[in-house]
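Trainee: just a sequence and a predicted model for now, questions to come.
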Amino acid sequence: MFKNIINLKSLMRIGILFVAFCLLIASFIVPPKAYAGYSYVSVSSTAPYIGDQFAVTVSFDGSNYQGLEGVLTYDSSILEFTGSDGSGTPTSYGGSGEIRYALMQASGTMYMNFYFNVIGPGSCTISAISNLIYTSDGQQLSDSSSATFTASRRPDPTPTPSETTSQTQTTTETETLSSDTSLSSLDISAGELVPEFSSDVYEYTVYAGEEATKCTLSAVATSSTSSVSISGEADLIDELTSRIITVTAEDGSQANYTINIVKSDKPIYGATVIIDDIEYESFQNLSETLAPSGFTLSKASYGDEEISVFKNKDNTIVITQLHLKDSDTVGWFLFNSEENPAFTPIEVIDLDGVKYAVFASNLNRIYGIQGDKEGYFVYDPNTEEFIFIESDLDKSSEQEKTDENTEVSSAPIQDNLKIYLIIALVTIVLFFVVQLFIYRKFLRKNKK
């Protein structure tokens, strides 16, 4: 009997050591998390003047970030977008009130700089919305932030005493120089101007038609003392041609009217699409000339309507353009499924005159054709080389990947850790059940 008790004690010691070992393993496979995910919007000035250059910085507080994507909104009657840069590998597109941006970075603080010209007076709120931040272990964080400023006309400088004396001797005419920088009319030789002309609207789109080769502009200033100059060429060589009309007032102040000339017909909008609480409109007449490499124009069903889309050769990838309601902004999106439709933002870029689709969920992966290969590539901007990584996936696999990318949830690696923990806990419970069974059997034996 004494020997059996000793064996039982040894067995219990082994059990305790086994439990301690399982807890130690569990502590190592669950990594600590230290992600803030906070974004900050800062502006170069809270009270800029018309004509000033203006900068907006969106920075992200934290570490172990691998990439991000988001949307910057602003008042296009006050600001005119001119460009952007940032840390890591930044990309951005858009204008007219909304800019979509993406950034890929291995380490360090992430930030994006956006540059504007101040073109009109008023209060403006800059908002960084729908920020999706990807961490190095596959997590996805979400955050938004904003900043506000007020733009105004530059005041006349305060004269010195000597200048005051000089000014009293000048004529009344020099004291009443006109500051009118508006246009009274704007005419085009081809296509349709959208929206209709108004002197206080500073950006327009001209749909000149696919066969148009030239579009001349003519503009008349409201004030007879103001001058008008028009930059850019009338010949339509590229798919999109931007021209600037500058109105210079008698007192030297200036205002710019931006005219974007597109070689396509006026779009026909269809169904309304809501993404992140933002309303978009689908297109029913997209042009074949917009298709990225590897895609052709096609149709797809969305609700009760047909919309224009672009499909790859195996119809496993469907992309389209959507129009932001009440603006001139158009963005590219991945159309995931006709049965359970969902739209994911992507980007289309131009490399050496060829358009490629860039998928936002894989910030460095593009789809297109290079030589005799069609599928996914990684583009190295330093060597300008395309590295082929895989051909088209079957439709079901691609759909599963798309569904995973659109879910805001824990990464697959976290799901695996949960499984490991469950297995460890089940093993511990089973071990103690066996111990209890042996102990009860031992007691019955001793009673006999």
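Mentor: Good, I have the coordinates. No experiment lies behind these values; they were computed from the predicted model shown.

Trainee: just the strands in the stretch 151-300 of the chain please.
Mentor: Secondary structure of the stretch 151-300 of the chain by DSSP state E, counting those that start in this stretch: the strands cover 183-188, 192-194, 203-207, 217-221, 227-230, 240-248, 254-262, 269-275, 278-283, 295-302.

Trainee: chain center to the shortest one: distance?
Mentor: Offset of strand 192-194 from its chain centre (C-alpha atoms, centre = their mean, to the nearest Å): 27 Å.

Trainee: again, but for the third one
Mentor: A distance of 23 Å separates the C-alpha centroid of strand 203-207 from that of its chain, computed with C-alpha atoms, centre = their mean.

Trainee: who touches it?
Mentor: Outside of strand 203-207, the residues within contact range by C-beta atoms under 8 Å, 6 or more residues apart in numbering are 76, 80, 95-96, 186, 188, 190-195, 197, 215, 257-262, 264-267, 328. Every residue, glycine included, has its C-beta placed from N, CA and C.

Trainee: repeat for the first one
Mentor: Counting contacts by C-beta under 8 Å, 6+ apart, the residues outside strand 183-188 that touch it are 193, 197, 199, 204, 206, 215-222, 228, 245, 247, 257, 259.

Trainee: would you write a PyMOL line that selects the buried entries of these?
Mentor: Buried residues within these, by 16 or more other C-beta atoms under 10 Å, are selected in PyMOL with:
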select buried, resi 193+199+204+206+215+217+219+221+228+245+247+257+259
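
Trainee: show me where the protein has its helices.
Mentor: 2-29, 161-168, 172-175, 395-406, 412-447 (DSSP state H).

Trainee: just the mean pLDDT for the third one, thanks.
Mentor: In this model, helix 172-175 has an average pLDDT of 52.

Trainee: which residue ranges make up each domain of the chain?
Mentor: Annotated domains of the chain cover 38-151, 177-262, 269-403, 410-448 [automatic domain parsing].

Trainee: so what's the gap between the first one and the chain middle?
Mentor: The one in question is domain 38-151. For domain 38-151, the distance to the chain centre is 10 Å (C-alpha atoms, centre = their mean).

Trainee: show the average pLDDT along it.
Mentor: Domain 38-151 comes out at a mean pLDDT of 81.

Trainee: where in the stretch 301-448 of the chain is pLDDT low?
Mentor: 328, 338, 360-365, 370-371, 378-384, 386-418, 442, 445-448 (pLDDT under 70).

Trainee: dump stretch 95-113 to CSV, keeping only the CA atoms.
Mentor: Extracted C-alpha coordinates of stretch 95-113, given in CSV (Å, rounded to 0.1, in the frame of the first residue of the first chain):
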residue,chain,number,x,y,z
GLY,A,95,-9.3,65.6,-56.1
SER,A,96,-12.4,67.8,-56.3
GLY,A,97,-13.1,67.2,-52.6
GLU,A,98,-11.9,63.6,-52.0
ILE,A,99,-8.5,62.0,-52.2
ARG,A,100,-7.9,58.3,-51.7
TYR,A,101,-4.4,57.3,-50.4
ALA,A,102,-2.4,54.2,-49.5
LEU,A,103,1.0,53.8,-47.9
MET,A,104,3.2,50.7,-47.5
GLN,A,105,6.1,50.9,-44.9
ALA,A,106,8.2,48.3,-43.1
SER,A,107,8.9,50.3,-39.9
GLY,A,108,8.9,53.8,-38.3
THR,A,109,6.2,56.5,-38.1
MET,A,110,3.9,56.6,-41.0
TYR,A,111,2.7,59.9,-42.5
MET,A,112,1.2,61.4,-45.7
ASN,A,113,1.6,65.0,-46.9
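
Trainee: buried set for it?
Mentor: Buried, per 16+ other C-beta under 10 Å, within stretch 95-113: 95-105, 110-113.

Trainee: same check on stretch 70-87?
Mentor: 70-74, 76-81, 84, 86-87.

Trainee: specify the beta-bridge partners of I126.
Mentor: Counting by DSSP bridges, I126 is bridged to A147.

Trainee: wait, it sits on S44?
Mentor: No - I126 lies out of contact with S44 (C-beta atoms under 8 Å); the separation is 11.1 Å.

Trainee: any residues in contact with both of these two?
Mentor: V56.

Trainee: now do the contacts for N117.
Mentor: N117 neighbours (C-beta under 8 Å, 6+ apart): 51-54, 79-80, 82, 256.

Trainee: of those, which belong to strands?
Mentor: 53-54, 79-80, 82, 256 (DSSP state E).

Trainee: mind picking the two most distant members of those?
Mentor: Spanning the widest gap among the ones in strands among the contacts of N117 are F54 and N256, at 13.7 Å by C-beta to C-beta.

Trainee: which one's more surrounded, these two?
Mentor: F54 (24 against 16; other C-beta atoms under 10 Å).

Trainee: neighbours around the residue nearest to the more buried one when sequence neighbours are not counted, how many?
Mentor: In space, and not counting its chain neighbours, F54 is closest to F116: 4.5 Å by C-beta to C-beta, 6 or more residues apart in numbering. F116 is flanked by 26 other residues according to other C-beta under 10 Å.

Trainee: test my guess that F116 contacts I50.
Mentor: No - the pair F116 / I50 is not scored as a contact, 11.9 Å apart, by C-beta under 8 Å.

Trainee: give me the phi and psi for G232.
Mentor: Main-chain dihedrals, G232, degrees, to the nearest 10: phi 90, psi 170.

Trainee: how close does it sit to C215?
Mentor: Remark: distance between G232 and C215 (C-beta to C-beta, to the nearest Å) = 10 Å.

Trainee: overlap of the contact sets of those two?
Mentor: T241.

Trainee: returning to what we had before: which of the buried residues of stretch 95-113 fall within strands?
Mentor: Going by DSSP E, the strands hold 95, 98-104, 110-113 from those.

Trainee: distance to Q139 added to those, as CSV?
Mentor: Output for these, formatted as CSV (distance: C-beta to C-beta, whole Å):
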residue, distance to Q139
G95, 31
E98, 27
I99, 25
R100, 22
Y101, 20
A102, 17
L103, 16
M104, 16
M110, 15
Y111, 20
M112, 21
N113, 26
